[in-house]
Every structure is written in structure tokens, then in C-alpha cells.
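Trainee: Sequence and predicted structure are below.
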Amino acid sequence: MRRLLLLRHGKADRHSAGGDRERPLTRRGEEDARRIGDFLTNSGITPDLAVASNARRAKQTLERTLEAFPAHVTHLIENTIYLASSGHLLEVLRQTPDKVQTLLAVGHNPGFGELAAILAGSGEPHELELMRSKYPTAALAILDFDVTNWSEINAAAARLHKFITPAILRGEPLDDPD
């Protein structure tokens, strides 16, 4: 089995003097990333490898999320996933080393939301509908694949184990457009 944790970056400032890649997380974005990290550790889910886009908000989301883990999680920055299409993200995913059982990927919409929808072929209907209708900031899709190698991953091959957002963790409705 392979497990993919698709995490959209946390809420970011609308503007940055350095352009879109340099937009930092807001305080809420940092808190939400920590909340997702706590959710993962409390659920007993630890990535073998974590990968983030080179955008500042994605790197900060990764850093805040990883703070929840007691041991070091190997992580790297992947320049090609910044605002990448779902097709490109799938190709990058297929290149994951097979020694990695659980991969955490931090990136952007629309690519991440589209990739999650493409990959999830089964799961709890309400969660599938929720994930496909809205993939807000700091949303996390946990996708399980019954494959031996990452290169075998295809559309509709995953079971959505869980779709979680910071609003869900806070007990709030999903009404924020970000």
C-alpha cells in the first residue's frame, strides 16, 4: 500500500512585494498548518518523505505541519510543483522512490484539488463530494493506493481515507472561499 497526503498550503497574504511566490502565510495559515500536523500525529500518520512547492507559503505550511512530529521527517522542495497542473503532479508523484510508503505533498490549487478528485475512485460518499466541491486552504486529502510502486498510480485508483480541513477540525462549516 502507498499513502498520499495531499495538503494545500495554508491561508496566505493576498500580496507580497516579491510577487506571488513570496506571499507568506497569515497567522491563521500558520495555525491551520499546525492543526493539520497535530491531526496527522494524533491519527498515527507519519510521512516517510515530505515535498513542498518552492513558494514561500507552501514551504511555511510544510514547516508548521512538520513541527507536530516528534522525529525528523525527511523533506525537500520541488520547484516543478509550483502551480503545476494535475497531469504534471501525477507524473511527479509516479517518480516517488518506492522505499517511501507515505508521502506528504504540499502545494497549490487548482492542481492539488484536481489531482485529488482524479485519483479518488472510492471512499465515503460525503467526504468525496466535499473534497470534489471545495479544496480550501490547508485542506488535506489522505489517499490510499493498493499498489506496490508509485509508478503504478492511475486515475480513480485511490480510496479516499479521509478529507479534512482546519474548519472541520474546529467544528466550523466550510464557508471560507480560501
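Mentor: Great, that's in hand. Source: prediction; values computed, not measured. Residues are numbered from 1 along each chain as shown.
Trainee: From the contact counts, what lies against the lengthiest helix in the chain?
Mentor: The residue-count maximum for a helix in the chain (DSSP state H) belongs to helix 27-42. Contacts defined by 3 or more CB pairs under 8 Å, 6 or more residues apart in numbering; DSSP states H and E place helix 27-42 against helix 56-66, strand 140-145, helix 166-170. Backbone N, C-alpha and C define where each C-beta goes, glycine included.
Trainee: Let's see that with 7 Å instead.
Mentor: Under the contact definition 3 or more CB pairs under 7 Å, 6 or more residues apart in numbering; DSSP states H and E, helix 27-42 sits against helix 56-66, helix 166-170.
Trainee: Can you tell me which of these is most buried?
Mentor: helix 56-66 (a mean of 24; mean count of other CB atoms under 10 Å).
Trainee: In its sheet, which strands sit next to the helix or strand that comes right after that helix, and in what direction?
Mentor: Scanning forward in sequence from helix 56-66 by DSSP states H and E, the next helix or strand is strand 75-77. The pairing partners recorded for strand 75-77 under DSSP bridges are strand 49-52 (parallel).
Trainee: that older thread, between the longest helix of the chain and strand 140-145, how many degrees?
Mentor: 40 degrees (axes from the mean of the first three to the mean of the last three CA atoms, to 10 degrees).
Trainee: Rounded mean pLDDT for helix 27-42, please.
Mentor: Helix 27-42 comes out with an average pLDDT of 97.
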